[in-house]
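[1] from the sequence below, what's the structure:
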Amino acid sequence: MKDKWTRYEYRRTRTRGKLAQRPEGRPRLSVQRSLNHLYAQVIDDGQGKTLVFASSLSKEFKGQKVGKNLAAAKKVGELIAQKALAAGVKEVAFDRGGRIYHGRVKALAEAARAGGLKF
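    Numbers count the residues shown, from 1 in each chain. The predicted model follows:
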């Protein structure tokens with residue numbers, strides 16, 4: 001069996017290939033998780049620009065205790081959905097960055113769906 005890092009690299013290249021084949025005109029919701037924070041951004045690859053950005057460090061969470069748990073992932077998912085809908089983005093392609101669809105990544109995606117984004 002391959003080690004954990006090798007499996008991650010395989011997953012990452014496979015998902016990047018699938019995202020490259022997607023139709024033009026549909027922005028990508030990219031999720032990055034670090035040990036302490038969560039980051040999500042909606043990227044238009046055609047123009048090479050970030051349309052919307054949200055993280056657990058966003059100013060909307062100033063004064064609140066937002067960390068790295070599932071509750072923080074849900075809050076970031078709701079925030080990215082609000083911002084994307086305000087920017088006129090309704091459909092996105094979900095880019096989990098090679099991470100498995102589990103835990104914080106799953107919670108963020110489900111909160112974004114509940115907020116009105118379509119994957």
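[2] give me the below-cutoff pLDDT ranges for the chain.
    Applying pLDDT under 70 to the chain picks out residues 23.
[3] quick one: the strands in it, in order.
    Applying DSSP state E to the chain gives strands spanning 28-33, 38-44, 49-55, 93-95.
[4] distance of the most centrally placed residue in the chain relative to Lys2?
    With distances taken as C-alpha atoms, centre = their mean, Val31 lies nearest the centre of the chain, 2.9 Å away. Distance of Val31 to Lys2, computed by C-beta to C-beta, to the nearest Å: 23 Å. Yep, even glycine has a C-beta here, placed from its N, CA and C like the rest.
[5] quick one on the thing from earlier: and the strands of the chain, which is most packed in?
    strand 38-44 (a mean of 22; mean count of other C-beta atoms under 10 Å).
[6] re the thing from before, I figured the residue nearest to the centre of the chain hits Arg96, correct?
    Yes - under the criterion of C-beta atoms under 8 Å, Val31 makes contact with Arg96 at 5.6 Å.
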